[in-house]
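> Build the 3D model from these lines:
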Amino acid sequence: MGVTLLKERYRVDLVELQAACEANYARLMRLLPAMREVACARRVALSQGEQQLGVLALEVLETCPYTTTLQVRQEHSLPWLPIPQLEVRVYHDARMAEVVSAQSARRFRSIYPYPNEAMHQPDEKTQLNLFLGEWLSHCLACGHEPVPVR
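Just a heads-up that it's a prediction; the model follows:
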C-alpha cells in the first residue's frame with residue numbers, strides 16, 4: 001500500500017510579518033521623514049551607469065493623528081516590466097507599516113486557501129510586505145535624487 005502524505009496547512013508567522021512591518025516603517029521614515037506633518041511627496045531615482053531604471057515615487061494620500069497612508073509606485077520603469085503600485089498604511093504609534101493595497105487588490109487576508117479564484121498565494125500578505133522591504137532597501141542603498149531635465 002502507498003503512503004499518503006498530507007500537506008501541512010500554512011500558518012502565518014506573526015513574528016516575521018511584524019518584523020517586516022517594523023523594518024518597513026524605519027525605511028519609510030528615512031525616505032519620507034516629514035510624512036506626519038505635511039502632505040508631501042518624494043521621488044528617488046534608480047539608475048545603473050547612465051541608464052535610468054526607474055523612479056520610486058512616495059506620496060502621502062492621507063494623514064490622521066496616528067496613521068499615514070502612502071502611495072508607493074514605480075515611475076519611468078523599463079517598458080517590459082510590470083509597474084508596481086502599493087498603498088501602505090503607516091501606524092506611527094506601533095511604528096509599523098503594512099501594505100494594504102497592491103495594484104487593484106485591497107485588504108489582504110492573513111491566509112488564503114490555495115488554489116483560490118484570485119490566485120493569491122497562501123502567504124500573499126507577508127510576501128507583499130517583504131517585497132516592499134526589499135524595494136525600499138534597494139532605494140536606500142542605490143537611489144539618488146532625480147536630476148532635473150533642462
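
> And the helices in the protein?
Counting by DSSP state H, the chain has helices at residues 14-31, 124-142.

> What ranges in the protein fall below the confidence cut-off?
1-10, 12, 78, 104-116, 118-122, 147-150 (pLDDT under 70).

> Spatially central residue in it, please.
Leu132 (2.8 Å; Cα atoms, centre = their mean).

> Ala41 and Leu56 touch, don't they?
No: between Ala41 and Leu56 there is no contact under Cβ atoms under 8 Å: 11.1 Å. In short, each C-beta sits where N, CA and C put it, glycine included.

> These two: which has the busier surroundings?
In this view Ala41 and Leu56 are compared by other Cβ atoms under 10 Å, and Leu56 has more residues nearby, 22 against 13.

> is that one in a bridge, and if so with what?
Taking DSSP bridges as the rule, Leu56 bridges to Val44, Gln74.

> contacting residues around stretch 14-26?
88, 90-91, 95-98, 125-126, 129-130, 132-133, 136 (Cβ atoms under 8 Å, 6 or more residues apart in numbering).

> try 10 Å
By Cβ atoms under 10 Å, 6 or more residues apart in numbering, the surrounding residues in contact with stretch 14-26 are 13, 72, 88-92, 94-99, 110, 123, 125-137, 140.

> out of those, which are buried?
Neighbour counting with 16 or more other Cβ atoms under 10 Å marks 72, 88-90, 92, 96-99, 123, 125-130, 132-133, 135-136 as buried within the contacts of stretch 14-26.

> Tell me how far Val99 lies from Ser47.
For Val99, the distance to Ser47 equals 25 Å [Cβ to Cβ, to the nearest Å].

> Also Pro65?
For Pro65, the distance to Ser47 - Cβ to Cβ - is 38 Å.

> how about stretch 19-27: buried residues?
Buried-residue list, stretch 19-27, by 16+ other Cβ under 10 Å: 20-21, 23-25, 27.

> any idea which of these is closest to His144?
Arg27 (16.2 Å; Cβ to Cβ).
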